[in-house]
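Chemist: Just the structure for this:
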Amino acid sequence: MKRAFVLLVLATAVLLVVIDRTLAPLAPLREAGATVYGTAQSAFGTVTRSFGGEGRLRALERENAALRADLLSSGARAAGGPAGGPAGGPATGSMSGPASGTAAVPARHRGVAAHVVGFGRGQKVTIDAGSSSGVVRDVTVLNADGLVGKVTWTGAATASVSLVTDAASSVGARMTESGELGVVTGVPGEGRLRLSLFDPNAPLKVGDVVETLGSAGARPYVAGVPIGTVTAIEDVPGAATRTALVRPAARLSALDLVAVIVPPPGR
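Modeler: Got it, this is the predicted structure:
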């Protein structure tokens, strides 16, 4: 009996996948499942974390992440000032605000704190905050160390985040020290990033810090978030750009608490 039930469940799952990919997308069903999963996971996490006095600690962590994200969205640090200068100090990878980006983040944006509750195929994770919390697609996700990625799908209670190391990821970047501009892309299968500076003769050295340039309207990326640190410079004679390998600022293999920068309703 038990074996027959297991086979029935597996057959149903296979049928749903086939229908979703060939006949009709099951977006409403997927969203309903995400709602149930997100709600159940949040409830389970709340109960388990309550033992040992961790419930209040988690609540404080969420509040702290939301406050840090709010500071970032309001440009608490001197936007447009020299990175690592006397006013802002050296870049530390905190979520306290843009270090030097010239693209201002709209003041009405806010931070939504969330926990990573699952790792999906490829460079994607699931967080326990969704549209009911104001999370929408194509917005920045970061943690206390730096850029995590962007939201690519939202359900009512959960959302999918594509990590910055995803092979399809492309982020406008600025060097915090020299101000040189470029693009950071994911390196497939390596968990690292590749920086391409527009000027092939731009100054570049190991240890240089890369941050987000910022997108129009702060979507998908806000300005001034640490992306990573240059670990190796690639020597390609005659190349039109200067390239280097970058170690992500955020520890993407051990994510927990993150903040999502969301726009005001209707944006």
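
Chemist: Please name the bridge partners of residue 228.
Modeler: Residue 228 has these beta-bridge partners by DSSP bridges: residue 210, residue 248.

Chemist: residue boundaries of the strands in the stretch 151-267 of the chain?
Modeler: Assigned by DSSP state E, counting those that start in this stretch, the stretch 151-267 of the chain shows strands spanning 159-163, 170-175, 181-187, 192-197, 209-212, 226-234, 242-248, 257-262.

Chemist: strands paired with the second one, and their directions?
Modeler: Note on strand 170-175: by DSSP bridges, its sheet partners are strand 181-187 (antiparallel), strand 209-212 (antiparallel).

Chemist: For the longest one, which outside residues touch it?
Modeler: Meaning strand 181-187. Judged by C-beta atoms under 8 Å, 6 or more residues apart in numbering, the contacts made with strand 181-187 from elsewhere in the structure are 123, 163-175, 193-198, 202, 210, 213, 227-228, 241-242, 245-246. Any C-beta I mention is one placed from the backbone N, CA and C, and that applies to glycine too.

Chemist: same thing with the last one?
Modeler: Strand 209-212 is touched from outside by 83, 91, 99-101, 140, 147, 171-177, 182, 184, 195, 221-230, 246, 249, with contacts defined as C-beta under 8 Å, 6+ apart.

Chemist: who's in contact with residue 167?
Modeler: 122, 123, 185, 186, 187, 188.

Chemist: follow-up on the earlier one: need the buried ones from the contacts of strand 181-187 selected in PyMOL.
Modeler: Applying 16 or more other C-beta atoms under 10 Å to the contacts of strand 181-187 leaves a buried subset, and the PyMOL line that selects it is:
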select buried, resi 123+163+164+165+166+169+171+172+173+174+175+193+194+195+196+197+210+213+227+228+242+245+246
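
Chemist: so where is the stretch 1-150 of the chain shaky, pLDDT-wise?
Modeler: Judged by pLDDT under 70, the stretch 1-150 of the chain has its weakly predicted residues at 1-107.

Chemist: do that again at 90, thanks
Modeler: Per-residue confidence for the stretch 1-150 of the chain (pLDDT under 90) gives these ranges: 1-111, 119-123, 144.

Chemist: Packed most tightly, which of the strands paired with strand 170-175 would that be?
Modeler: strand 209-212 (a mean of 27; mean count of other C-beta atoms under 10 Å).

Chemist: quick revisit: now the strands paired with strand 170-175 as a markdown table including mean pLDDT and distance to residue 256?
Modeler: Putting those into a markdown table (pLDDT from 0 to 100; distance: least, C-beta to C-beta, whole Å) gives the following:
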| stretch | mean pLDDT | distance to residue 256 |
| --- | --- | --- |
| strand 181-187 | 96 | 21 |
| strand 209-212 | 97 | 22 |
